[in-house]
Structure formats: C-alpha cells, structure tokens
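# turn this into a structure:
(2 chains)
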Protein chains: 2
Amino acid sequence: MHRTRSYLINGDFNQVVSPLDRGFAYGDGVFRTMLMQNGLLECWPLHYQKLVADCAAIGIVCPSAELLMSDLQQLISKQELTENLTSVIKIIITRGEGDRGYAAPAITNPTRVVLNTPMRRYSEGNLTNGVNLHICKTRLATQTRLAGIKHLNRLENVMARMEWQDENIFDGVILDQHENAIECTMSNIFARFDRKLITPDLSDCGVAGVTRQRIMGLASTLNLTVEVQALQIKKLLLADEVIICNSLYGAFQVKKIGERKMPQQTLANTIRTLLKS
Amino acid sequence: MHRTRSYLINGDFNQVVSPLDRGFAYGDGVFRTMLMQNGLLECWPLHYQKLVADCAAIGIVCPSAELLMSDLQQLISKQELTENLTSVIKIIITRGEGDRGYAAPAITNPTRVVLNTPMRRYSEGNLTNGVNLHICKTRLATQTRLAGIKHLNRLENVMARMEWQDENIFDGVILDQHENAIECTMSNIFARFDRKLITPDLSDCGVAGVTRQRIMGLASTLNLTVEVQALQIKKLLLADEVIICNSLYGAFQVKKIGERKMPQQTLANTIRTLLKS
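Numbers count the residues shown, from 1 in each chain, chains lettered A, B, ... in the order given. Now for the predicted structure:
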C-alpha cells in the first residue's frame, strides 16, 4: 500500500494546512516527536501526557488519544508493520484556523497533524565514542510564561542550529543570558558530579523533554541522586561526565564541548540500555 | 470573477502549505500586513524594505518585489478594482520546506504566501474618542537576536491578546521584564511630553513597524522632537497624550490605559491625516 503523502491533517489525507492556520501564522501550537517501531509508539503515555499539558499551558484543548491513535493507524503502511521498520512520528497540535489578528476565535477547532518521517541513521561513532557539542552564541530568552513547553515558536533553536555546518558536531549547547547551560538545540542535558546528576532548571526557558523526565526517574536505579538546578557553563565543563538525550536517539555520551575534551565515561550507554528495557 | 481561495502560495492557486514547511514547524519566517486600496498597496516601498531586512536578519533571501507584485495582480479581483474596495494584504515569507530537524536545508527555497483578507471595520468611536488599552500581564522576553523583526514566533502576542474579552478594549500594552512599555499586541506606541515625542526602544524586544517609522519621520512637521528611549509604564501613564499606530488603522488616540484616563488630545487625528496625504 503506497501513500503519496506521509501525513494526515485532522484524520484526512486530503486536508491541507491553511495559511490562516494559527500554527502557521503565529506558531500558535505545540508538538511532539517520538519513535515508532513495529507500529507502536515508544513511551506514548508520557508523550501524550506532555502533549496535553503543553496544549493546556497555552489554552488549547488537546484532541483525544483515541483520535490520534486512529490517525496513526491510517498512516502506518503495511510495509512498516511487516518489516519492523523504525520511523519517527511527529504530532503537531495548533489552535486551528482563525481570522487575521491575534485574538483567538470564540470557538476554536484545533488542527492536528500526524507526520510519519524516516528515522535518521545515527553514526556508529556517536554510540561508541560519543558526540561533540558546539557552544552556541544564540542565547535563550527568559520567558516564564512559555518555558518548558514544546511550542511552535522555535526560532531561537533555528538560529542556534545555523551557527555550525561541521558534520562532526552533533548538537549545540544553548545558554541563557546569565551563562547557564539550559539545553541543546534538540536535546536535554545532564552532568554528573561524583554521585550527583544535575540537569538544568527550565523554569525560565528551554523544553522539558520526556526522555529528560525518564532519566530523572532512573537516577536511583543508577545509584545517583538527581538535582534540577542552575548549571553555569563553566561548571558544566568541569563535570565528571556529560550526556545529552532526546526521544529519538535516547542518550549519547558527550566527548567534547567547544574545545573542551570531556572525560571518557559510560553513563550514556547504561542509560540507553535502561531506556530500552 | 470569483476566487474560491483568497491566497496564493508561490504564485500558484493550487499549491498548499506543507506541514514540513519551516514556517509551520518552527515559525521560521517573517510577515507583513498592509492596506490595499484600488489595487494599490499603501507604502509598499517601506513594507518591502522591511520585509527584505527582516528576512535577511534570519538568513532568508526575500523573493523579489516583482514576483510579489505579480502574485498580487493575480489575487486582486475585478470587483476590488472597480468598486474601489479596501482590503488587507498579508505577505508571509518562510524558509520553505525542510526535512525534520532544526538544521536548514543546504539549498533553501523560500515559501511566499500572499493573502487577501477583508478589512476590519473600526468603530467610529475609535476615530472620534480614541481607544482603551489593557495593561498586559504577559511580558516580552529580552532577545536581542530577534528584536524588532516581525517574525512568525508570535506566541507572546497571542498570550497577551488572550488576557481580555471586553470589546471596549482595543489593544493591550505589553511591558518587558523591567516595567518598560514596549508596544501593544498589534500596534506601536508613542507618548508626547510637551514638545517631545517618545517611542520605546525596541532593541531588546518588540516589532519595529513601518507606521512607527513614518510617524518618527513626521515629527518635525508636527514641530515635535522624537526620541527612542526606554519608557517605564509609570512614565507612560503621566504623558500629555498617548497614541498607538499600525499600518491598517493609521493612528488612534488613547483615552484610557488600564484604569488611568488619559488627557483628551488630538495628535492621532493630525497624524492620521498626515499619514494619508
């Protein structure tokens, strides 16, 4: 069964995004990106919980999980089911179409987009040796009203990602305006100091990802304590080890941040195994 | 000649916005809103100049003015030309389609959308008596990398606009995180103190609109000096008069900000006449 389109809008293969959709006009919406293997979404309950919370944070009523699952069933090809392929599912929820102007319509009808995109192949070196991080010049703005939410206003991430072309750099650490490391453009970050795992406080900026949440939950299994706190970039560079994470690759060891070589360690491998189990 | 669609994408009535368009995925683009009367765009050279500058600021090569004008010609109905109707033209330029992920494609092909939308009817009271402003709780974040640009990351404006439902409130003043009045959700702002006209400094946040620029250019005609500077909300409330402006309504006198009644004055009327001449 061949689909010419790899996405569904409001459950319909023929529906299109209107330029009057507030997601397009203002970035007025949220999204999630997750792995699908053999037709099953990895950690769907956590992703759906976060989707609902992010929608609520900007005043959108999230479509039901049943509706999204029904979209997904339509979107999965037989090939994916029979060949046990891995792909990436992206779900976008917007406030829907509106008239011109910032005021939301009296009755909103959220737009839901479910996209099936190919899984990027990560190099074997990322798994065995870890990854290099750029230190971004672009800073994250302090906006407590929107911090933590994975909303569609992602120009800061785009600007930060435009800072490097070098294929040996996997991601870039982004700081806030007070020299705190917050996250990477597409990843959260953890630093281990002895038996303490620190992940940056995201109450001013950044995206609080599902894998970050899962790793925080794994800390005791790893015999580590975990703390959410401000993490100055100077301090990050002195960590016993640093890992980054997201829902697609799980966790990677960081071998270099800017010009600073980080200690060779194995926390990311351990965590990756635990995340898969 | 009846059009079922009032917009063109890349000069094509049949083209649609892809959910993979970076404008939709990340708000990775810019826009302009302007008046069209009798088939002519008001202040097109200034709008185009700002469109080019805003595109350049985020690394997009703006489509040529000729291309946009050719889109516009296709979009204008005979009815609009013969009946001398006023409508609102919105132009959106995005970085175009990309793969999933923040990295911009090696070769980008910007998406241009030209929309023709009906002109909102402003009440006669707005013209004769002025308008009321809400003071927004939502604050603008400091982001020097993106300040001044009319980009598609407008969630702050959306959140601010959601703060009131009262139809007697025309717009809301938004402050930064240091109690400076910056702009309104859809307007720039000017305060007159004696012979001095002050408009907020937009180097940290806010959108530097074309009408703001035009009014600054009119100051000497009005026998006023104009200064761009930080403007604390406390100071704004003590102004001899306050006006707001944008490209659609020109300028309106402000009669009330929050609970504070402002002096009855006439600067907006004078400026509106000058803007039209």
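# average pLDDT for stretch A:98-105?
In this model, stretch A:98-105 has an average pLDDT of 90.
# and if you look at stretch A:56-68?
Mean predicted lDDT for stretch A:56-68 stands at 98.
# okay, how far is it across that stretch, tip to tip?
17 Å (C-alpha to C-alpha, to the nearest Å).
# would you state the strands of the stretch 151-277 of chain A in chain order?
A:169-176, A:181-184, A:188-193, A:196-200, A:225-229, A:241-246, A:250-257, A:260-261 (DSSP state E, counting those that start in this stretch).
# the inter-axis angle of the first one versus strand A:196-200?
By that I understand strand A:169-176. 70 degrees (axes from the mean of the first three to the mean of the last three C-alpha atoms, to 10 degrees).
# strand A:169-176 pairs with which strands, and in what direction?
Using DSSP bridges, the strands paired with strand A:169-176 are strand A:131-140 (parallel), strand A:181-184 (antiparallel).
# for the strands of the stretch 151-277 of chain A, which one sits closest to residue B:172?
For residue B:172, the closest of those is strand A:169-176, at 26.6 Å, according to C-beta to C-beta. In this view, the C-beta of every residue, glycine as well, is placed from N, C-alpha and C.
# pull out the buried positions in that closest one.
A:170-176 (16 or more other C-beta atoms under 10 Å in any protein chain shown).
# so for it, mean pLDDT?
Per-residue scores along strand A:169-176 average to 98.
# that strand to strand A:250-257, inter-axis angle?
Going by the same axes, to 10 degrees, strand A:169-176 makes 80 degrees with strand A:250-257.
# ok, residues contacting strand A:169-176?
A:126, A:131-136, A:138-142, A:156-157, A:160-161, A:163-164, A:181-187, A:189, A:204-206, A:233, A:236, A:244, A:252, A:257 (C-beta atoms under 8 Å, 6 or more residues apart in numbering or on different chains).
# hang on, residue A:137 packs against residue A:162?
No. With contacts counted by C-beta atoms under 8 Å, residue A:137 stays clear of residue A:162, the gap being 10.4 Å.
# of those two, which one has the most company?
residue A:162 (18 against 12; other C-beta atoms under 10 Å in any protein chain shown).
# hmm, the more buried one is touching residue B:104, no?
Yes. Using C-beta under 8 Å, residue A:162 is in contact with residue B:104, at 6.2 Å.
# picking that back up, and the strands of the stretch 151-277 of chain A: which comes nearest residue A:16?
strand A:241-246 (29.2 Å).
# pull up the distance across stretch A:57-73, start to finish.
Terminal-residue distance, stretch A:57-73 (C-alpha to C-alpha): 28 Å.
# ugh, wrong one, I meant stretch A:226-245
End-to-end for stretch A:226-245, by C-alpha to C-alpha: 15 Å.
# same deal with stretch A:213-227?
Terminal-residue distance, stretch A:213-227 (C-alpha to C-alpha): 12 Å.
# and the strands paired with strand A:169-176, which is most packed in?
When the strands paired with strand A:169-176 are scored by mean count of other C-beta atoms under 10 Å in any protein chain shown, the highest mean neighbour count falls to strand A:181-184 (a mean of 26).
# distance from the chain centre to that one, please.
Remark: strand A:181-184 is offset 12 Å from the chain centroid, using C-alpha atoms, centre = their mean, to the nearest Å.
# stretch A:240-259 too?
On C-alpha atoms, centre = their mean, the centre of stretch A:240-259 falls 14 Å from that of its chain.
# one more: stretch A:269-277?
18 Å.
# how about residues contacting that stretch?
A:127, A:211, A:214-215, A:218, A:221-222, A:243, A:245, A:250-251, A:253.
# mind listing what's buried in it?
For stretch A:269-277, by 16+ other C-beta under 10 Å, it's A:269, A:271-272, A:274-275.
# give the contact list for residue A:212.
A:188, A:190, A:199, A:245.
# again, 6 Å this time
Listed by C-beta atoms under 6 Å, 6 or more residues apart in numbering or on different chains, the contact set of residue A:212 reads residue A:188.
# residues touching stretch A:237-253, excluding its own?
A:34, A:122, A:126, A:130-131, A:184, A:186-193, A:210-211, A:215, A:254, A:260, A:262-263, A:265, A:267-268, A:271-272, A:275.
# hmm, back to that, who wins for most neighbours among the contacts of stretch A:269-277?
Neighbour-wise, the contacts of stretch A:269-277 (other C-beta under 10 Å) top out at residue A:243, 30 neighbours.
# gap between that one and chain B?
Applying C-beta to the nearest C-beta, to the nearest Å, the value for residue A:243 to chain B is 20 Å.
# any idea of the pLDDT on that residue?
At residue A:243, the pLDDT recorded in the model is 98.
# does any part of the host helix or strand of residue A:66 sit near chain B?
Assigned by DSSP states H and E, residue A:66 belongs to helix A:65-75. No. Judged by C-beta under 6 Å from any C-beta of the partner chain, helix A:65-75 stays clear of chain B, getting no closer than 12.4 Å.
# if I look at residue A:198, how far off is residue A:230?
Per C-beta to C-beta, to the nearest Å, residue A:198 is found 9 Å from residue A:230.
# returning to that earlier point: which of the contacts of stretch A:237-253 are buried? Put it as a PyMOL command.
Of the contacts of stretch A:237-253, the buried ones can be selected in PyMOL as follows, counting by 16+ other C-beta under 10 Å:
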select buried, chain A and resi 34+126+130+131+184+186+187+188+189+190+191+192+210+211+215+254+262+265+267+268+271+272+275
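# circling back to that earlier point, mind giving me the packing neighbours of the helix holding residue A:66?
Secondary-structure packing of helix A:65-75 (3 or more C-beta pairs under 6 Å, 6 or more residues apart in numbering or on different chains; DSSP states H and E): strand A:7-9, strand A:111-118.
# switch these over to JSON lines; also include mean pLDDT and mean neighbour count.
Converted to JSON lines, the helices and strands packed on helix A:65-75 look like this (pLDDT from 0 to 100; neighbours: other C-beta atoms under 10 Å in any protein chain shown):
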{"stretch": "strand A:7-9", "mean pLDDT": "94", "mean neighbour count": "22"}
{"stretch": "strand A:111-118", "mean pLDDT": "94", "mean neighbour count": "20"}
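# wait, residue A:111 touches residue A:94, no?
Yes. Shown here, residue A:111 and residue A:94 form a contact pair, counting by C-beta atoms under 6 Å, at 4.5 Å.
# quickly list what's touching both of those two.
residue A:21.
# any low-confidence regions in chain A?
A:1-5, A:78-82 (pLDDT under 70).
# sort out which residues of the longest helix seen in it are buried, please.
Using DSSP state H, we find that the single longest helix of chain A is helix A:44-57. For helix A:44-57, burial by neighbour count (16+ other C-beta under 10 Å) applies to A:44, A:46-48, A:50-52, A:54-55, A:57.
# so the closest residue to residue A:113 other than its chain neighbours, which of the three states?
With C-beta to C-beta, 6 or more residues apart in numbering or on different chains as the criterion, residue A:113 has its nearest non-adjacent residue at 4.2 Å, and that residue is residue A:92. Taken by DSSP: H, G, I helix; E, B strand; the rest coil, the conformation at residue A:92 corresponds to strand.
# alongside chain B, which residues does chain A contribute?
So chain A meets chain B at A:7, A:16-17, A:19, A:23-24, A:26-28, A:100, A:102-103, A:113, A:115, A:117, A:138, A:141-143, A:145, A:151-155, A:157-159, A:161, A:185 (C-beta under 6 Å from any C-beta).
# whichever of those residues end up buried, select them in PyMOL.
A single PyMOL command is used to select the members of the residues of chain A next to chain B judged buried by 16+ other C-beta under 10 Å:
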select buried, chain A and resi 7+17+19+23+24+26+27+28+100+102+113+115+117+138+141+142+143+151+152+153+154+155+157+158+159+161+185
